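Colleague: please work out how this folds:
(chains A and B)
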Amino acid sequence: MKRAILTIVGTVAGLVLLLSFKTQSAPSGGAAAGATLGTGSGTDGGAAAPAPSASSGPTAGSGTGDGSGTGSGQTSKSTTRTVTGDTIDTRWGPVQVQVTLKDGKITKVQALQLPSDNRRDLEINNFAVPQLHQETLSAQSAQIDTVSGATYTSEGYIRSLQSALDKAGK
Amino acid sequence: MTAALRHAEPCMGTVFSFDLREPYPRDGALDETIAWLHWVDATFSTYRPDSDIGRLARGEAEVGDCAPEVGEILALCDRLTEATGGCFSACAGGSLDPSGVVKGWAIERAGSMLRAAGSLNHHVNGGGDIQLSGGPGPGRPWRVGIADPLRPGTVATVVAGRDMAVATSGTAERGAHILDPRTGRPADGLAAVTVVGPSVTLADAYATTAFVMGEAALDWIEGLTGYEAYVIGLDGRSWATSGLRTEAPGVGTPGQPVARSGRSTMSTRSAIESATRCGRKG
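Modeller: Next comes the predicted model:
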């Protein structure tokens, strides 16, 4: 590797919670942690949601994450709403997402329906759904700027999400 | 929090997301880039009968009748087929389908368009394949999470760097869907392959190729100048080529040191030949 200096930084368990929010600069505090990630089959996401740990990512170097990841989400006067988007029929099958908003901010996106048909040439892939979740949530993580993973066809996802946001009045 | 300009655009059956940091490009540049991506989609789509690729595949057009970019892409496909010993093909499924290289190429060119318009620090993520320019902020590298295919919602590791490309090929829980052009059967030897290097066009093609190759992939990537790979096996074990510094306990190193002599050389073949070879089966 000649040009870029690359570093692979893993965590102890090889796991970094994808939706770990940067909390240090959130003006209102209480950035939500622990979004549920859809597994693509409509079941509850199995991802446990530990608070981002300062020990992960040895080269993070920006001083983020220290302590601020724990104990969030305890704002007592917050209002939480859950809005379900339209079911969008795509050429690969129905897509439906549900968003959760807390004080008007999206804190969770869950896929209720995803296509189960497997067309190889479309590279439908469950695993990019979390990536879409992340993009939707604009998780400006202290740890990750973006995610590389297999592609997921997402027109339906975007449209269902948009309808949910429309309903939510955002 | 670093100021950023973000946009997500559904295109080519996936989402292209843009993350631009200062200095921003001139006004209108992002819109032009997005419009160009939709043009690429319309030109190369295998789902739109009136696309250049659709007409080529049915034998209703010659390469010379198409946009010049079509010839460029088909020539690139041929060079990749040659360089990969047939593990990469624009007609793995029996009909002309260069989409395996079009997306990466479009991502890279979109990044170039933004850079030419003054955006020095940005990344373009097309369905999980990413071209990154500069960094997210002064003195900081981009940090790219590699999605863990065996544990949805988590990332397996993080690649950090500036001015690089990251592309991942993987299979789904429901089953394999990347065909091995040599056998016509789905490749199922690995869970995911991530390739890192300067060009997302090549990183994407190499990731697809490496996925098809299975366990031989690491040795192959090891022989490619400028490209590194991170591989997750079906059992969850992971490996990286020697150029990726690994700090994670869970990441091993390739079993065998590999000489650098096996670099693939690409030879040129005519794009027209490619179209005739697999595009006329109709």
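Colleague: residue contacts, residue A:79?
Modeller: Taking C-beta atoms under 8 Å, 6 or more residues apart in numbering or on different chains, we find residue A:79 in contact with A:102-103. In short, each C-beta sits where N, CA and C put it, glycine included.
Colleague: 6 Å instead?
Modeller: With contact set as C-beta atoms under 6 Å, 6 or more residues apart in numbering or on different chains, residue A:79 has no partners.
Colleague: and it, how close does it get to residue B:106?
Modeller: Residue A:79 is 42 Å from residue B:106, where distance means C-beta to C-beta, to the nearest Å.
Colleague: isn't residue A:100 up against residue A:82?
Modeller: Yes - Residue A:100 lies in contact with residue A:82 (C-beta atoms under 6 Å); the separation is 4.9 Å.
Colleague: skipping adjacent residues, who's closest to residue B:210 in space?
Modeller: Once flanking residues are discounted, residue B:210 sits nearest to residue B:217: 3.5 Å by C-beta to C-beta, 6 or more residues apart in numbering or on different chains.
Colleague: let me see the residues that make contact with the host helix or strand of the one you found.
Modeller: Assigned by DSSP states H and E, residue B:217 belongs to helix B:217-222. Helix B:217-222 has contacts (C-beta under 6 Å, 6+ apart) with B:193, B:210, B:213, B:227, B:229, B:231, B:239, B:241, B:254, B:258.
Colleague: most neighbours of all those, which one?
Modeller: Counting neighbours by other C-beta atoms under 10 Å in any protein chain shown, residue B:210 leads those with 29 neighbours.
Colleague: pLDDT weak spots in chain B?
Modeller: B:1-2, B:91-94, B:151-154, B:171-178, B:186, B:245-282 (pLDDT under 70).
Colleague: which stretches in it count as strands?
Modeller: Listed from the start of the chain, chain B has strands (DSSP state E) covering B:5-11, B:14-21, B:121-126, B:129-133, B:142-147, B:154-161, B:164-170, B:179-180, B:185-186, B:190-197, B:228-233, B:238-240, B:245-246, B:251-252.
Colleague: to chain A, which of those lies closest?
Modeller: Counting by C-beta to the nearest C-beta, chain A lies closest to strand B:142-147 out of the strands of chain B; the figure is 3.0 Å.
Colleague: strand partners of that closest one, parallel vs antiparallel please.
Modeller: Strand B:142-147 pairs in its sheet with strand A:146-148 (parallel), strand B:154-161 (antiparallel), by DSSP bridges.
Colleague: among the ones you listed, which is nearest residue B:101?
Modeller: With C-beta to C-beta as the measure, strand A:146-148 is the member of the strands paired with strand B:142-147 nearest residue B:101 (17.3 Å).
Colleague: near chain A, which residues of the stretch 1-150 of chain B?
Modeller: Within the stretch 1-150 of chain B, the positions lying close to chain A (C-beta under 6 Å from any C-beta of the partner chain) are B:1, B:8, B:10, B:13-15, B:17, B:93, B:123, B:125, B:127-128, B:130, B:136, B:142-147, B:149.
Colleague: again, only this time at 7 Å
Modeller: B:1, B:6, B:8, B:10, B:13-15, B:17, B:19, B:93, B:97, B:123, B:125, B:127-130, B:136, B:140, B:142-147, B:149 (C-beta under 7 Å from any C-beta of the partner chain).
Colleague: now the longest helix along chain B against strand B:5-11, angle please.
Modeller: Longest helix in chain B by number of residues, with DSSP state H as the criterion: helix B:99-116. Orientation check (axes from the mean of the first three to the mean of the last three C-alpha atoms, to 10 degrees): helix B:99-116 against strand B:5-11 gives 150 degrees.
Colleague: report all helices and strands that helix B:99-116 contacts.
Modeller: Applying 3 or more C-beta pairs under 7 Å, 6 or more residues apart in numbering or on different chains; DSSP states H and E, one finds that helix B:99-116 makes contact with helix B:29-44, helix B:68-83, strand B:121-126, strand B:129-133, helix B:200-213.
Colleague: what's the weakest-modelled helix or strand in chain A?
Modeller: For chain A, counting by mean pLDDT, DSSP states H and E, strand A:16-17 ranks last in confidence among helices and strands (a mean of 30).
Colleague: for the helix or strand just after it, what is the average pLDDT?
Modeller: Per DSSP H and E, strand A:16-17 leads on to strand A:80-84 as the next helix or strand towards the C-terminus. Averaged over strand A:80-84, pLDDT sits at 85.
Colleague: who does strand A:80-84 pair up with?
Modeller: When DSSP bridges is applied, strand A:80-84 pairs with strand A:93-102 (antiparallel).
Colleague: now do the strand it pairs with, average pLDDT.
Modeller: 75.
Colleague: pick the most buried one from the strands of chain B.
Modeller: strand B:164-170 (a mean of 30; mean count of other C-beta atoms under 10 Å in any protein chain shown).
Colleague: do any residues in that one lie close to chain A?
Modeller: Yes - using C-beta under 7 Å from any C-beta, a contact is recorded between strand B:164-170 and chain A, made by B:164, B:166-170.
Colleague: mind giving me the packing neighbours of that strand?
Modeller: Using 3+ C-beta pairs under 7 Å, 6+ apart, strand B:164-170 is in contact with strand A:146-148, strand B:129-133, strand B:142-147, strand B:190-197, helix B:200-213.
Colleague: how far off strand B:228-233 does the third one point, in degrees?
Modeller: In other words, strand B:142-147. Angle of strand B:142-147 versus strand B:228-233, following the same axes, to 10 degrees, is 20 degrees.
Colleague: orientation of strand B:142-147 relative to strand B:129-133 in degrees?
Modeller: Using the same axes, to 10 degrees: strand B:142-147 against strand B:129-133 is 170 degrees.
Colleague: and if you look at the last one?
Modeller: Note on geometry: by the same axes, to 10 degrees, helix B:200-213 and strand B:129-133 are set 150 degrees apart in direction.
Colleague: about what we covered before: what's in contact with the longest helix of chain B?
Modeller: B:12, B:25, B:29, B:32-33, B:36-37, B:40, B:44, B:46, B:73, B:76-77, B:80, B:88, B:90, B:122, B:124, B:126-127, B:129, B:131, B:133, B:167, B:199-201, B:203-205, B:208 (C-beta atoms under 7 Å, 6 or more residues apart in numbering or on different chains).
Colleague: same thing but 6 Å
Modeller: In contact with helix B:99-116 (C-beta under 6 Å, 6+ apart) are residues B:12, B:25, B:33, B:37, B:40, B:44, B:73, B:76-77, B:122, B:124, B:126, B:129, B:131, B:133, B:199-201, B:204-205, B:208.
Colleague: cool, thanks, talk later.
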